[in-house]
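Chemist: Pasting the sequence and the predicted model now:
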Amino acid sequence: MAVNINKYAVSHVLLILVLGLGFLIIGCGDKEKESQPSQAKKEERQLPDIVITEPRFTELSTTSEPKIRVAGLSVKDLDSVKWENNRGGSGLAQGTINWHVSEVVLQPGENIITISAKDSNTGEIYTSVVKVSYEPVDLLGTLSVKPATIYIDQQNEIIAEIPVTPHAKLNKNKVEIYRTYEDGKNMYILGLLTDDGNINNGDKAAGDNVWSCKFVLARGREGQVELKRVGQTADELSRLWGLSDTDVGQTISVRASAYLLEDDGSFTTVYSNKALMAVEKR
């Protein structure tokens, strides 16, 4: 059967096809234009700065230590690196490229420690900040020692006692008492405090949270400061590093320490107050 096609209908269809193809071409052109890489932005100059690497995180962290170490890295050509605690205290760090502050004293609550350095070429100041919250552990009470006076020319048997607040992280095998010196760094252990009812160690009752230690202080062997062997007892150490003639007429100090095992495997050391004993000669 013959089909009669209207020429005007054919023209109309062709017009629609041409217009559709035109839109398609324009659309593809836009996409091609969009796919072209945009003009690169002008690179901004990266200013030199200082980076705090210790403590590890610059966000608010919590510690029970009264002092912390702060350390980090900086670029070359910087003047001396300075530190300042908003709760009090400031000073110079040691070094400039690899710098550190051995001790920053913290105050209870939040401490904001600012590290700053001056670019020796441009004069610009660069800073970095670490926030640390100091929460003291109320673990060790007042340390007491008896007798309060000891004598250089005899062996002195001393009993120390201290209340210890129960704590889940307390390492019960390392509650220690030791003698301290004026510099606050040199010390030697006198013995271990226990709460097991061991009368031989001066403890009166087990589990009463009063920890005790019995130790001896006597005249030491002058000038001998090295250990002779591993495993020496507290009494042997006491005689090795014991009293000297320069202690006569002075007071010596002892302290207790306890160790808390942290979640990351490290230990936090908690110290008691110092207890004093007068040294005399009969």
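Modeler: Arrived safely. No experiment lies behind these values; they were computed from the predicted model shown.

Chemist: what's the closest non-adjacent residue to the most centrally placed residue in the chain?
Modeler: For the chain, Ile68 is the residue whose C-alpha lies nearest the centre (Cα atoms, centre = their mean; 4.8 Å). With sequence-adjacent residues excluded and distances taken as Cβ to Cβ, 6 or more residues apart in numbering, Ile68 is closest to Val104, at 5.5 Å. (Each C-beta comes from the backbone N, C-alpha and C, glycine too.)

Chemist: Contact partners for that neighbour?
Modeler: Shown in contact with Val104 (Cβ atoms under 8 Å, 6 or more residues apart in numbering): 67-70, 83, 85, 89, 111, 113.

Chemist: Ala71 now?
Modeler: Contact analysis of Ala71 by Cβ under 8 Å, 6+ apart lists 52-54, 98-101.

Chemist: now the end-to-end length of stretch 263-275.
Modeler: Start-to-end span of stretch 263-275 (Cα to Cα, to the nearest Å) is 31 Å.

Chemist: which residues touch it?
Modeler: Counting by Cβ under 8 Å, 6+ apart, 63-65, 137, 139-145, 160, 162, 169, 171, 180, 253-262 sit against stretch 263-275.

Chemist: Now that stretch: buried residues?
Modeler: Within stretch 263-275, the residues that qualify as buried are 270, 272, 275, counting by 16 or more other Cβ atoms under 10 Å.

Chemist: before we move on, what SS does Gly265 have?
Modeler: Classification of Gly265 using DSSP: H, G, I helix; E, B strand; the rest coil returns coil.

Chemist: one step back: please list only the buried members of the contacts of stretch 263-275.
Modeler: Using 16+ other Cβ under 10 Å as the burial test, the contacts of stretch 263-275 include 63-65, 137, 139-141, 143, 145, 160, 162, 180, 253-260 as buried.

Chemist: Tell me which entries of the residues you listed lie within strands.
Modeler: Cross-referencing those against strands under DSSP state E gives 63, 145, 160, 162, 180, 253-260.
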